[in-house]
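Visitor: Just a sequence and a predicted model for now, questions to come.
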Amino acid sequence: MRNPTRSIRTVAVAAVLGTSALLAGCTPNAGQVPPTSAANTPSSTAAVGATPRPTPTPTSTVQALSATDPTAPYDEAETSRWFARVADEVRISLGLDRAAPGMTVHLDAETSQNHLVTMKSLPAGDYSFHLACRGGGSLTLSVSGGTPGPVVEGPCTDELVSGAFTAAEGGTEFRFTATGDPIDAALHYSAATP
């Protein structure tokens, strides 16, 4: 007498193997060795007369430069301390218990002199901004929405500058554009102040 459990198992194993074979034939590059596999790396058993593959030379990576010393590399820890000092200055000047919301950016010719921040969660309305910018370059800050033209334009002075902007319904864009030497900019905003 045949064992029904054994035939069900045999059919199940055959079905799994058959499905696997079908799926393997449907995948892209089926049966081909991927370029990163060991089959594509040179070995001591390579065929005689095979052309050796050149070893890629590392390319130099772009390194951001410091806003305080454009001949030195960008120092993230030092810049973070400056950003915190600006946030504290804004908090104290507005009489707030905690830092006002905002954004920070480092711009230089080695990485990027343009930065765009889109804020969809900022409710439409009138706001005050508080901006500090340091470095030897100049900054243009434009805000989309109900604010025509740039809200700030000129050389960075490391002094806190305040002004006004109007946030648009559905999202507001803050576009930072730098020229010249590297700069750091810290922008905070609050409800419109008189």
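Guide: In hand now; what should we look at?

Visitor: in the lengthiest strand in the chain, what counts as buried?
Guide: What stands out as the longest strand in the chain, according to DSSP state E, is strand 125-135. Going by neighbour count (16 or more other Cβ atoms under 10 Å), the buried part of strand 125-135 is 127, 128, 129, 130, 131, 132, 133, 134, 135. All C-beta spots, glycine's among them, are computed from the backbone N, C-alpha and C.

Visitor: Please name every helix or strand in contact with it.
Guide: Helices and strands touching strand 125-135, as assessed by 3 or more Cβ pairs under 8 Å, 6 or more residues apart in numbering; DSSP states H and E, comprise helix 76-94, strand 138-143, strand 150-155, strand 161-167, strand 183-191.

Visitor: If we use 6 Å, what do you get?
Guide: Counting contacts by 3 or more Cβ pairs under 6 Å, 6 or more residues apart in numbering; DSSP states H and E, strand 125-135 is packed against strand 161-167, strand 183-191.

Visitor: Can you lay out the ones you listed as CSV showing mean neighbour count?
Guide: What follows is the helices and strands packed on strand 125-135, written out as CSV (neighbours: other Cβ atoms under 10 Å):
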stretch, mean neighbour count
strand 161-167, 16
strand 183-191, 22
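
Visitor: nearest to residue 74, of those?
Guide: Proximity to residue 74 (Cβ to Cβ) singles out strand 183-191 among these, at 9.1 Å.

Visitor: Run the angle between the closest one and strand 150-155 for me.
Guide: Calculated by axes from the mean of the first three to the mean of the last three Cα atoms, to 10 degrees, strand 183-191 forms an angle of 150 degrees with strand 150-155.

Visitor: Having no further points to raise, I will conclude here.
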